[in-house]
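Visitor: Just to be clear, the model below is a prediction. Sequence and coordinates:
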Number of protein chains: 2
Amino acid sequence: MSEEIKKIIARCRDRIEARDPEVLAWKTLDWDFVDRQIDALTTWPMEKRGALFGLPVGVKDIFDTADLPTGYGSAIYEGHQPGADAAAVARLRAAGAIILGKTVSTEFAYWKAGPTRNPLNLERTPGGSSSGSVAAVADGMVPLAIGSQTAASTIRPAAYCGIVGFKPTRGLISLAGIKALSNSLDTVGVFAKDVAGAGLLSGVLAGRPNLMAPVGSVSPPRLALRTSPEWEKVAPSALDAVKKVADLAAQHGADVTTDAVPAAFAELADIQTSMMACEAARELAHEHRCHFDALSQPLRDLLVQGESISAAAYDDGCRRRDECLAEIDSLFGDADALLAPSTLDEAPLFDEGTGDPIMSRAWTLLGLPSITLPCGTGENGLPLGLQIAARPRDDDKLLGIAAWFEKLSASAP
Amino acid sequence: MSEEIKKIIARCRDRIEARDPEVLAWKTLDWDFVDRQIDALTTWPMEKRGALFGLPVGVKDIFDTADLPTGYGSAIYEGHQPGADAAAVARLRAAGAIILGKTVSTEFAYWKAGPTRNPLNLERTPGGSSSGSVAAVADGMVPLAIGSQTAASTIRPAAYCGIVGFKPTRGLISLAGIKALSNSLDTVGVFAKDVAGAGLLSGVLAGRPNLMAPVGSVSPPRLALRTSPEWEKVAPSALDAVKKVADLAAQHGADVTTDAVPAAFAELADIQTSMMACEAARELAHEHRCHFDALSQPLRDLLVQGESISAAAYDDGCRRRDECLAEIDSLFGDADALLAPSTLDEAPLFDEGTGDPIMSRAWTLLGLPSITLPCGTGENGLPLGLQIAARPRDDDKLLGIAAWFEKLSASAP
């Protein structure tokens, strides 16, 4: 067993040593620390070996780790050593996972990019904020990784790098020990090359066995494309890719409808933008007070913007979100899941930033479970994504539908 | 100015030195650290002096402080020194407050009591989990203090010690940098001797000027007593105290109605109990994995219970909470606010634990703003509390009603 684990780790290490000097996915790696974890695992009695036994996992550097520094993507916390693991990291360890290392995050999981490049094209961004976790999985450096999403930080980078990114229903996975950006929005996300991997990892983190082994829906799903104002900004190739896979689904028996979102839902992306600014100004009050000069200009702008939003405007946004949640059936209608492009287009050039999160803002605000699957390519040959969302707490149904799509795509010519 | 501040601090220090050897409200005090804060304040330009300029505040020891150890009420974290302030602490400092010291919390803000005694009767508990913050304010050691509430940790101790405890709408004050017990329930609370102090402190923490100077409602409020199953456990004296003040309110023009809560709301206390166990098991995953032997038996029981609750049962509780929130008008009817006893009875003996949180569980689950005001005494002559709650985000209205009651009681014979 231990030999098998060592082989998996050696493959990761070879790939990292070959590729990470260019991809720059990892913030902290310590091979002695990894070896110590392998040694510790060999003492585990067979009956205690959890679902991730011996599997290496990359951890975004906004999750506290008790034995690796955690820098939150900011020079302010360079070398910072937390006293405890984040709850999600503790769950990974309890299931026998090996923490392979910490992956690059943008500054406090907001906009300012770290050094990480898109492994499919080094001139491109991998997206953010979970840049390193996604790049490492996409490049085959590690099979599984964890990240987070406040606007689109799981779905967007996963789509840009051509892997599966899954953001379970808000609140299913503990946020304890994760650097907060916006408490009403922050959600843990997971990355893998396929739906099975995403299900396994999220099931462990949420303590939900029913997510751990997703199988494709037996009957073809009922699906809806609900267009909102942000769809007008989507590149034709990204729109075509989603329409093509929707057509393919329909050919295989899925019921697919297309309609505009109800009016109240069309405003959610703006509400999310405003709420995130407000809450970031609140959650990062210490950094604002003590380290303002060490923050990037975009983050300073966010905090200043957040403080300028009135309590009445914030409260109004909360009320409108709650009203939409109470009327969630008017968004889904008869559908089990919604389909949308994961991003506006393929990954932008590295120097242009980490891309626009707008295609995930509304669903993040509602806390819907959502997933991105690779779905065609753009004009530059880089991957695009199909974003699928289900009703809150329908995570197992969503994974089943995602697995159905995965089989569909595999069987497509 | 500096002399005036020094006088306030000297009064606090005298009281603490006289009384704290018996009350044991403080976990960490460092007078040099306090003096350095006073010195730093003297350099503030007049226009920057915030709403709490020079005012000492006690901080519950589950809030991270960058320059004082933070032990979360557990031996596991004895001497632990966080790298940053909790966001709420940063807001206090930005407003010019002096962090007087850290106050005793129960273990991770759950049940296992610290050493703190009720200052009104040293044989009694001050309640929990914000034991030290409440005892310090009640005893006049500090005018203001902050704490938290997951079940009843603000309302219950404040009622037991005869002071004002205010828990704003869930989410109004940042949880960043506070040790999590249950992310769906944890809420910051504040303590003062009067409604004005609670309003001032909560307004600073929430960044909401409209809370900072509550004035009594101009017109008499519309009030409702909504009895739920837990009311059957309330001691006759505590029930009488609430009825008496409700009668007084009615004599002064308030519209007061009494009725049972709608059936769906009668189950909320049980749902809160179950959700708290589930989430505690999740949030404290690191302590469960690495320090199980160092946890108290009640906390171990909570974590084990939490892990035994199925995902389906947890999800069902979330759904039923959300349904109640969507129908919140059926709870309030025409009323602006609800009245209830703050606790089942006056403070239990110290050896009997920190008291039953049941009278606040439902309102905490709904995230309603709630406040407790001193309201009569029990059979042993110890204080009882009137608990008042308003609709989510009606915090300013609630403070206005509380100030109205405060005036009413002051004018009562």
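Guide: Everything's here; your move.

Visitor: Show the low-confidence segments of the stretch 1-150 of chain A, by residue range.
Guide: Across the stretch 1-150 of chain A, the ranges flagged by pLDDT under 70 are A:1.

Visitor: Up against chain B, what does it have?
Guide: By C-beta under 8 Å from any C-beta of the partner chain, the residues of the stretch 1-150 of chain A that approach chain B are A:66, A:77, A:80, A:83-91, A:93-94. All C-beta spots, glycine's among them, are computed from the backbone N, C-alpha and C.

Visitor: Can you flag the buried ones in those?
Guide: Buried members of these, scored by 16 or more other C-beta atoms under 10 Å in any protein chain shown, are A:66, A:77, A:84-91, A:93-94.

Visitor: Mind listing the residues bridging to the residue lying closest to residue A:238 once chain neighbours are set aside?
Guide: Nearest non-adjacent residue to residue A:238, counting by C-beta to C-beta, 6 or more residues apart in numbering or on different chains: residue A:341, 4.5 Å away. Beta-bridge partners recorded for residue A:341 (DSSP bridges): residue A:386.

Visitor: Find the pair from the residues of the stretch 1-150 of chain A next to chain B with maximum spatial separation.
Guide: Largest separation among the residues of the stretch 1-150 of chain A next to chain B by C-beta to C-beta: A:77 and A:94, giving 25.9 Å.

Visitor: Okay, residue A:8 and residue A:192: tell me how far apart.
Guide: For residue A:8, the distance to residue A:192 equals 15 Å [C-beta to C-beta, to the nearest Å].

Visitor: Looking at these two, which has the bigger crowd around it?
Guide: Legend: neighbour count by other C-beta atoms under 10 Å in any protein chain shown for residue A:8 and residue A:192, higher for residue A:192 (22 against 17).

Visitor: Surely residue A:197 and residue A:142 touch.
Guide: No. Applying C-beta atoms under 8 Å as the test, residue A:197 and residue A:142 come out as separate, 10.9 Å apart.

Visitor: which of those two has more neighbours?
Guide: Shown here are residue A:197 and residue A:142; by other C-beta under 10 Å, residue A:142 has more neighbours (28 against 21).

Visitor: From what I see, that one and residue A:100 are in contact.
Guide: Yes. If you go by C-beta under 8 Å, residue A:142 and residue A:100 touch, sitting 5.2 Å apart.

Visitor: Return every residue with contacts to both of those two.
Guide: A:12, A:56-58 (C-beta atoms under 8 Å, 6 or more residues apart in numbering or on different chains).

Visitor: Which residues of the stretch 151-300 of chain A lie near chain B?
Guide: So far as C-beta under 8 Å from any C-beta goes, the stretch 151-300 of chain A lies against chain B at A:171, A:173-177, A:180, A:183-184, A:206-208, A:210, A:279, A:281-290.

Visitor: Longest helix of chain A, counting residues only.
Guide: In chain A, taking DSSP state H as the definition, the longest helix is helix A:2-23.

Visitor: Show the subsequent helix or strand relative to that helix.
Guide: Using DSSP states H and E, the helix or strand that follows helix A:2-23 towards the C-terminus is strand A:26-29.

Visitor: Neighbouring strands - and their directions - for that next one?
Guide: In the sheet, strand A:26-29 lines up with strand A:98-103 (antiparallel) (DSSP bridges).
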